[in-house]
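*Asks:* dropping the sequence and predicted coords here.
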Amino acid sequence: MPKAIEQSSFQQLKQCQMELIREGCTSVITYAKTEYERQIATSLKIKKHLMINSTLDYLIGLTIPLSLLRPTVIRECKRQKIPILEVKIDSLDALRLVPWDHISQMMVTYPVVLVPRLETDDKKIAKQIVNLWTFYCIQYRIQTEDSPGNSSWSKEALQKIGLYPKKGDLLVSSDFDYQLYLHKQTEENKAFFLDENKKLDYDKREPEIVALRDRIIKVNQKIDFNPGYGRQLVISTPKRFLTIDAAGKAIY
């Protein structure tokens, strides 16, 4: 499943993606950053130019300060097909000034997923911000997800963003991305393989083969970093395949 990455140069992009491919990743979420609304288009253009060299498939989101969380920015996200916004938050007072009602109305036709990013080291303030953020998202039925950090996004998060079922599963119409693992049976782990109730912990194992669509990009320890092979994932309709149960919830 897609992971989030940050990089600002080709060398950083290559190093980061080599590590992700080694872990079995085939697609990523990356963010363009902007401090001003008038620079959104430029920031996205710069990020797209960098990601042209990507081996992995990629989805471009946007990182903004809380002050930019307004209806006109949501409208621009719809126009640019940006389904995920990472919002930097450092103040409770600023959170109360967000026009939540107007944002909620703007998201009816393009429900952008908001990802809070706390910009404070004060644990007490951070907890208050999380509680207030959760309250507003529930109150105005706005979809939000916590950043998974270096882990993969959950299936429900991919459904909210609009990546599922294109990514995250092997189904009709999804990309044929897969990982193959080599499990050697020994006397020590023989009981493990005989017990069908046990599940392999793939998150802690390195796959022997990683494939993205019609190309194998990792075999054993050899990684095929092929700049330009990755495709941008464009989301026309977020939350399209979200289940009825999940859609009935405000944020979870």
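*Replies:* All right, it came through fine. Numbering: from 1, shown residues only.
*Asks:* residue boundaries of the strands in the stretch 151-252 of the chain?
*Replies:* Taking DSSP state E, counting those that start in this stretch as the test, the strands found in the stretch 151-252 of the chain are 178-180, 209-212, 215-219, 222-223.
*Asks:* ok, the spatially closest residue to Lys218 that is not a sequence neighbour - how many residues close by?
*Replies:* Excluding the flanking residues, the one nearest Lys218 by CB to CB, 6 or more residues apart in numbering is Val210, at 3.8 Å. Every residue, glycine included, has its C-beta placed from N, CA and C. Neighbour count of Val210, defined by other CB atoms under 10 Å: 25.
*Asks:* dig out what Val210 forms beta bridges with.
*Replies:* Gln179, Lys218 (DSSP bridges).
*Asks:* give me the neighbour count for Thr55.
*Replies:* Look at Thr55: counted by other CB under 10 Å, it has 24 neighbours.
*Asks:* surely it and Arg215 touch.
*Replies:* No - counting by CB atoms under 8 Å, Arg215 is not a contact partner of Thr55; they are 9.3 Å apart.
*Asks:* list residues touching both of these two?
*Replies:* Any residue near both Thr55 and Arg215 by CB atoms under 8 Å, 6 or more residues apart in numbering counts here, and that gives 224, 226, 229.
*Asks:* now the closest residue in space to the last one that isn't next to it in sequence: how far from Leu158?
*Replies:* Meaning Tyr229. In space, and not counting its chain neighbours, Tyr229 is closest to Thr55: 5.2 Å by CB to CB, 6+ apart. For Thr55, the distance to Leu158 equals 20 Å [CB to CB, to the nearest Å].
*Asks:* with Asp93 instead?
*Replies:* Distance, Asp93 to Leu158, using CB to CB: 34 Å.
*Asks:* top of the shared contacts of Thr55 and Arg215 by neighbour count?
*Replies:* Highest count within those by other CB under 10 Å belongs to Tyr229, 16 neighbours.
*Asks:* next one, pLDDT for that residue please.
*Replies:* Here, the pLDDT recorded for Tyr229 equals 96.
*Asks:* may I see the buried residues of stretch 20-28?
*Replies:* 20-21, 23-28 (16 or more other CB atoms under 10 Å).
*Asks:* now that stretch: average pLDDT?
*Replies:* Averaged across stretch 20-28, pLDDT comes to 93.
*Asks:* how far does it sit from its chain's centre?
*Replies:* Distance, stretch centre to chain centre, for stretch 20-28: 13 Å (CA atoms, centre = their mean, to the nearest Å).
*Asks:* outside of that stretch, which residues touch it?
*Replies:* Here stretch 20-28 makes contact (CB under 8 Å, 6+ apart) with 1-5, 17, 54-59, 152, 163, 167, 175, 177, 179, 202, 206-207, 210-212, 217-218, 223, 225, 230, 233.
*Asks:* quick check: end-to-end length of that stretch?
*Replies:* Chord length of stretch 20-28, first to last residue, is 9 Å (CA to CA, to the nearest Å).
*Asks:* which pLDDT value belongs to the closest residue to Arg231 other than its chain neighbours?
*Replies:* Sequence neighbours aside, Asp57 is the residue nearest to Arg231 in space, at 5.1 Å (criterion: CB to CB, 6+ apart). You'll see Asp57 listed with a pLDDT of 96.
*Asks:* Leu56 is in contact with Leu212, correct?
*Replies:* Yes - with contact defined as CB under 8 Å, Leu212 reaches Leu56; the gap is 6.8 Å.
*Asks:* who touches both of those two?
*Replies:* Both Leu212 and Leu56 are contacted by 26-27, 230, under the criterion CB under 8 Å, 6+ apart.
*Asks:* and Asn226, what are its phi and psi?
*Replies:* Backbone torsions of Asn226, given as degrees, to the nearest 10, read phi -120, psi 90.
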